[in-house]
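In: here is my input; please provide its structure:
(chains A and B)
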Protein chains: 2
Amino acid sequence: MAEDCYTELEQAIQVLVVNFYKYVPKHSLVRNKISKSSFRKMLQKELNHMLTDTGNRKAADKLIQNLDANHDGRISFDEYWTLIGGITSPIANLIRQQEQQTSG
Amino acid sequence: MAEDCYTELEQAIQVLVVNFYKYVPKHSLVRNKISKSSFRKMLQKELNHMLTDTGNRKAADKLIQNLDANHDGRISFDEYWTLIGGITSPIANLIRQQEQQTSG
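Out: This is a model prediction of the structure:
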């Protein structure tokens, strides 16, 4: 299936999935997890614009704190997805405010 | 901030957030939820290629079943994010298999 037949949403989802596997070491694919330190690197490298915003950085800090409570020291795909979702809250709030202004 | 200064991951995250608000009615922005029927429409319209795959369709069906158990009949942003995450599992498995083959 050619990639350009996917919808914009489908392509976006694929980017998020592929990004996770960029940080899973090849020798560790069976375990299917990324390390906490790789996750921090990923935040810094792949989300550096979003995390310059104070609200988002606070969300990220909170997420990383929660990671510290997780004693296996590794992030599964489900955890990654939830963590990225947590970072999106400030973006969602911004979009909602913009929509409210245009509809007001 | 110009959109093209964002990383590929950041742009993908924005697509997912904006997609949610495409399905929140303007008069319902304060409630910040989409209806179950709008969520089904969204799956059909925005994820129609991914859901033609049997594995993904099974995941979607399971998610919609879980929605039926949720008696407020509305999907919050966090629920939307979790639900989309659930649909990604078969894609994640496929990418992992491909990575394992190239590393083998």
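In: doesn't A:R31 belong to a helix?
Out: No. When the secondary structure is assigned by DSSP: H, G, I helix; E, B strand; the rest coil, A:R31 falls in coil instead of a helix.
In: in contact with A:I91, which residues?
Out: Applying Cβ atoms under 8 Å, 6 or more residues apart in numbering or on different chains, we find A:I91 in contact with A:50, A:56, B:13-14, B:17. Every C-beta, even on glycine, is put in place using the N, C-alpha and C of the backbone.
In: centre of the chain versus the lowest-mean-pLDDT helix or strand in chain A, how much separation?
Out: Of all helical and strand segments in chain A, the minimum by mean pLDDT, DSSP states H and E falls on helix A:54-69, at a mean of 71. In terms of Cα atoms, centre = their mean, to the nearest Å, the centre of helix A:54-69 is set 12 Å apart from its chain centre.
In: ok, stretch A:35-55 next?
Out: Taking the mean of its C-alpha atoms, stretch A:35-55 sits 8 Å from the chain's own mean (Cα atoms, centre = their mean).
In: quick one: the spatially most central residue of chain A from B:I95, how far?
Out: The central residue of chain A, meaning the one whose C-alpha is nearest the mean C-alpha position (Cα atoms, centre = their mean), is A:I84 at 2.8 Å. Noted for A:I84: a distance of 16 Å to B:I95, by Cβ to Cβ, to the nearest Å.
In: list the contacts of A:K45.
Out: By Cβ under 8 Å, 6+ apart, the contact list for A:K45 reads B:T7.
In: before we move on, what SS does it have?
Out: With three-state DSSP as the criterion, A:K45 reads helix.
In: ranges for the helices of chain A?
Out: With DSSP state H, the ranges of helices along chain A come out as A:8-22, A:36-46, A:54-69, A:77-103.
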